[in-house]
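*Asks:* Here is the input, now give the coordinates:
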Amino acid sequence: MATSIKKIVGASLIGTTIEWYDFFLYGSAAALVFNQLFFPESDPLTGTLLAFLTYAVGFVARPLGGLVFGHFGDRVGRKTLLVVSLLMMGVATFLIGCLPTYTGIGAAAPLLLTGLRLVQGFALGGEWGGAVLIVSEHGDAKRRGFWASWPQAGAPGGNLLATGVLAALAAFQSDEAFLAWGWRVPFLLSGVLVLIGLWIRLTITESPVFQQAAPEKAPPIVGVLRHHWRDVIIAIGARMAENISFYLITVFVITYAKTTGLDNSTVLGAVLIASAIHFVTIPLWGALSDRFGRRPIYLAGAAGVGLWIFAFFPLIDTGNFLAITLAVTVGLLFHGMMYGPQAAFFSELFGTRMRYTGVSIGAQLSAIVAGALAPIIAVQLLREFGSSLPISAYLALASALTLAAVYAAKETQGRDLAERIRA
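*Replies:* Okay, here's the model as predicted:
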């Protein structure tokens, strides 16, 4: 029996929230404690840079995860692969919470940390495409942007959850206690969350569009490269400003704020409030893309974030909580204008039996050059110039690339996903 679209959306949203919670938790911990626990022999900024390098490893694994999960997702279906990805992510995150630190086992500690981060990245690379597709392929074309944007809300939902847990621990624990054992709590909590997510995901049905589509003779990756190479390039370009802006605004901002003398609770509180607003507005942008098209909303978000970043850092520099919250909130609103329509936009670019592969490859390849490198490049620019202006220029350049890619794309709103799209 077919599952209702609301249940499909709920299962995808809960699953993506848990997976992004696990992934973002690592990024926040890298900025807060991993530099001291796993790289204690370095100066603070160098230790943070090394911690972010292990953070970036997760992004490197994402295209491989997208390729493997995409292949089998296009061959055997979306649902099974979504269960596997959630299980992999949860186990890896739980084990990070159990790891001995550098003082306990020396150099083996950062090596084990890096290995588990690779598993996280591999799982997330396969998760995203399946989650947005199973919703896109269940829903109707007229409201696809709205329904498919809900799994996207799992990103700020996961960030909200991760930041909320860390903020609560920071508020009720001393820095010494948090460094000694408190940081482990949110990682261990992942085990409980994953069990809940698995139970929900096992109850949904497979995508009807996938079940009705005739199998392709060639492997999905061959079909993507043969018929959709241009769409892959568009997807990569479209994610540049979206990905870089998100990680600067929610991850690097923690490191940047510390260099200005702000305490962790101030910036974490600002990110917490902004993530809550981000969570509830992403479906709004998805719905607006159903009304006005994917491209106009996406283009407005890319232009907006490229301009806002020049006000973002000066507002952080004020040290005022309201100004910091405004900076992060407006930045994430512009990000949401790209991220909300993105799921439907990318889904509509590819044919059914190569859609999981195409969406995953396009989205995850960009994650390496965008999201993975963003905090590292930002830290290096800050060390080199001692100013936020080069960081702002970096995002402005990424926004220009995204504007060019989306402008070059055809409008996809309302496309029939059962159609055998070839070019």
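*Asks:* wait, Cys98 sits on Leu188?
*Replies:* Yes - the pair Cys98 / Leu188 is scored as a contact, 7.5 Å apart, by C-beta atoms under 8 Å. From N, CA and C alone the C-beta is placed, and that goes for glycine too.
*Asks:* quick one, which of those two is more surrounded?
*Replies:* Leu188 (14 against 11; other C-beta atoms under 10 Å).
*Asks:* isn't the more buried one right up against Ile96?
*Replies:* No - applying C-beta under 8 Å as the test, Leu188 and Ile96 come out as separate, 9.1 Å apart.
*Asks:* Next, Phe350: secondary structure please.
*Replies:* Look at Phe350: counting by DSSP: H, G, I helix; E, B strand; the rest coil, its state is coil.
*Asks:* An error on my part: the question was meant for Gly414.
*Replies:* What three-state DSSP gives for Gly414 is coil.
*Asks:* tell me the contacts of the nearest residue to it once chain neighbours are set aside?
*Replies:* With sequence-adjacent residues excluded and distances taken as C-beta to C-beta, 6 or more residues apart in numbering, Gly414 is closest to Ala141, at 5.0 Å. Contact analysis of Ala141 by C-beta atoms under 8 Å, 6 or more residues apart in numbering lists 414-417.
*Asks:* Which of the residues you listed sits closest to Ala131?
*Replies:* In terms of C-beta to C-beta, no member of the contacts of Ala141 lies closer to Ala131 than Leu417, at 15.5 Å.
*Asks:* which residues touch the closest residue in space to that closest one that isn't next to it in sequence?
*Replies:* Leaving aside its sequence neighbours, Leu417 sits nearest to Val209 (C-beta to C-beta, 6+ apart; 5.2 Å). If you count contacts by C-beta under 8 Å, 6+ apart, Val209 has them with 137-138, 352, 417-418.
*Asks:* And Val209, how far from Arg415?
*Replies:* Using C-beta to C-beta, to the nearest Å, Val209 is found at 12 Å from Arg415.
*Asks:* And Gly106, by the same measure?
*Replies:* 55 Å.
*Asks:* For these two, indicate the residue with more neighbours.
*Replies:* Taking neighbours as other C-beta under 10 Å, Gly106 and Arg415 compare with Arg415 leading, 18 against 11.
*Asks:* Please report phi then psi for that one.
*Replies:* Main-chain dihedrals, Arg415, degrees, to the nearest 10: phi -60, psi 140.
*Asks:* For the stretch 1-150 of the chain, which residues score under the pLDDT cut-off?
*Replies:* Residues of the stretch 1-150 of the chain that meet the criterion pLDDT under 70 lie in 1-3, 31, 40-52, 55.
*Asks:* which stretches of it form helices?
*Replies:* Per DSSP state H, counting those that start in this stretch, the stretch 1-150 of the chain carries helices over the ranges 5-29, 35-37, 44-76, 78-96, 102-105, 108-136, 144-152.
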